[in-house]
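Chemist: structure for this input, please:
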Amino acid sequence: MVSRLPNPSLSVCNNCLLTMVRGRALLSPDRTGPAPLARIVPGMRDHGAHLEPSRKGADMPFVPASDGVLLHYESTGSGRPIVLIHGWTMNGRFFHKNVEALAAHHRVITIDSRGHGRSGKELVHLTMEQVGRDVDTVLATLDVRDAVLAGWSMGMATVYNYLAQFGTERLAGVIDIDMTPYLFADEGWPHGVFGTLDARSSLDVQRQMIADRTGLMSTLVPAMFAAGSTPEPDVLAWWADESTTVPDLTALALWVSFSSQDWRPLLPSIDVPVLLAHGRKSQIYPTPVWESLAELIPQTSLVLFDESGHSPFWEEPEAFNTAVLDFLKQL
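Modeler: I've put the predicted structure just below:
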C-alpha cells in the first residue's frame, strides 16, 4: 500500500482569504433560469436552476462529511467500482457521456466535491486535504473496495490527497485524466499549467478570480478543449454556468490549496496500476507531462487521445470509455 506521507501543501488561511475579498459577494448569484444545454446533454431534465441527469437506476443520496457538510454522489450499475472525480469548479454531471457506458460493466460512482454541484456550499475547511478526506468518507460509507479512482484535473489532485492520507487499501487502480502532479513550471519541470504558470502568475489568477471570475472562466473554459477546436457556444455557456455555481471563496481557496501542492515525491510509492489518459492537444498541459509521470510512477499504461485537449472523457467519449474498460479488464 502507499505509505501515508506528510502532505506537501501549504496551509490555506481562510480568514486571510476572507480579508482579501472583504466587501465582495462571495456566493455566486442564484440561477433563476434553465441551463441552456437540453439539446446537447441527452437524458437531462430541467429542474429550474440546472439541468440534472435522469439516470435509470441511479441512487442520488448524500453523505455527511466529518464536519457535517453534505456530500452528493450518484451510484449506478454493479461490479468493480469506478469513482469519477471532477475538476476545479466542475461537478459529476460533466461525466454524463461516460456513466451509462461504464455502468453497463461496473458500478460507477460520481462525487460532487464540497462546494461543487449539489454538495453543501458551506464556506468551511476549503482545503484539498479535506476534499481527500471527503472521498474517503464516501467510500467508507458505501463500503467501496477494490475500486478505481479516476481523477480529472483537480480531481487527480484529490486522488493524490486521498492516497497520501489513506493509501491504496480500498483501491485496485487509478486513472489520471490530463493532470500534472505540480502546477508550477520551473527549471527542470516544464509541465505547469499552460506550460508557464508560476507562483507570481498564480497570484494574478487569484486576483482575477476576485475581480472578474466570469471573465476568467470565459478564458479558461475554451482552453479545456483541444487546441484548434471550436466548441459549440452552448457547450461553452453550460460549462461556464456550471462553474460559476461554485461559491467564489470555495473556488479561490481550493485553487490556492491545490496549486501549492507538489505530488512528485509521492509518485514512486503508488503501488497500484495507473492509467494515464491524456489529450494530445491539451492547452492546459501542452507539454508531454505523461512522459514524466511514466518515469515516476512504477506501474503505468498510457492512452493518448489524438483529438482531445484537457477533457478527453467529453471530447472523445467513446474512445475514453473503451480505454477505461480495457484498463479495468487488466486489473
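Chemist: and Ala140, how many neighbours does it have?
Modeler: Using other Cβ atoms under 10 Å, Ala140 has 12 neighbouring residues. All C-beta atoms are positioned from the backbone trio N, CA, C, and that covers glycine.
Chemist: swap in Asn321?
Modeler: Neighbours of Asn321 (other Cβ under 10 Å): 19.
Chemist: where in this structure is pLDDT low?
Modeler: Applying pLDDT under 70 to the chain flags residues 1-60.
Chemist: and the helices in it?
Modeler: 14-20, 99-103, 128-141, 154-166, 199-220, 233-243, 248-259, 289-296, 312-315, 317-329 (DSSP state H).
Chemist: of those, which is nearest Asn91?
Modeler: Among the helices of the chain, the nearest to Asn91 by Cβ to Cβ is helix 233-243 (6.3 Å).
Chemist: tell me how many other residues surround Gly279.
Modeler: Using other Cβ under 10 Å, Gly279 has 28 other residues around it.
Chemist: identify the residues contacting the closest residue to Leu302 other than its chain neighbours.
Modeler: Nearest non-adjacent residue to Leu302, counting by Cβ to Cβ, 6 or more residues apart in numbering: Leu276, 4.6 Å away. Applying Cβ atoms under 8 Å, 6 or more residues apart in numbering to Leu276 gives the contacts Asp176, Trp290, Leu293, Ala294, Thr300, Ser301, Leu302, Val303.
Chemist: returning to that earlier point: of all the helices of the chain, which lies closest to Tyr73?
Modeler: The closest of the helices of the chain to Tyr73 is helix 128-141. By Cβ to Cβ, the value is 5.5 Å.
Chemist: which neighbouring elements make contact with the closest one?
Modeler: Using 3 or more Cβ pairs under 8 Å, 6 or more residues apart in numbering; DSSP states H and E as the contact test, the elements touching helix 128-141 are strand 62-64, strand 70-76, strand 81-85, strand 107-111, helix 154-166, helix 248-259.
Chemist: against which helices or strands is the fifth one packed?
Modeler: Read it as helix 154-166. Against helix 154-166 (3+ Cβ pairs under 8 Å, 6+ apart) you get strand 81-85, helix 128-141, strand 147-152, strand 171-177, helix 248-259.
Chemist: quick one: closest of those to Pro64.
Modeler: Closest to Pro64 of the helices and strands packed on helix 154-166 is helix 128-141 (Cβ to Cβ; 7.9 Å).
Chemist: how about that closest one: buried residues?
Modeler: Met128, Glu129, Gln130, Val131, Gly132, Arg133, Asp134, Val135, Asp136, Thr137, Val138, Leu139 (16 or more other Cβ atoms under 10 Å).
Chemist: swap in stretch 294-303?
Modeler: Ala294, Leu296, Ile297, Thr300, Ser301, Val303.
Chemist: format the CA atom coordinates belonging to that stretch as PDB.
Modeler: The C-alpha trace of stretch 294-303 is given here as PDB (Å, rounded to 0.1, in the frame of the first residue of the first chain):
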ATOM      1  CA  ALA A 294       5.600   7.300 -16.600                       C
ATOM      2  CA  GLU A 295       9.100   7.700 -15.300                       C
ATOM      3  CA  LEU A 296       8.000   8.500 -11.700                       C
ATOM      4  CA  ILE A 297       5.100   6.000 -11.200                       C
ATOM      5  CA  PRO A 298       6.100   2.300 -11.100                       C
ATOM      6  CA  GLN A 299       3.100   0.800 -13.000                       C
ATOM      7  CA  THR A 300       1.600   2.900 -15.800                       C
ATOM      8  CA  SER A 301      -0.100   2.500 -19.100                       C
ATOM      9  CA  LEU A 302      -0.700   5.300 -21.500                       C
ATOM     10  CA  VAL A 303      -3.600   6.300 -23.800                       C
END
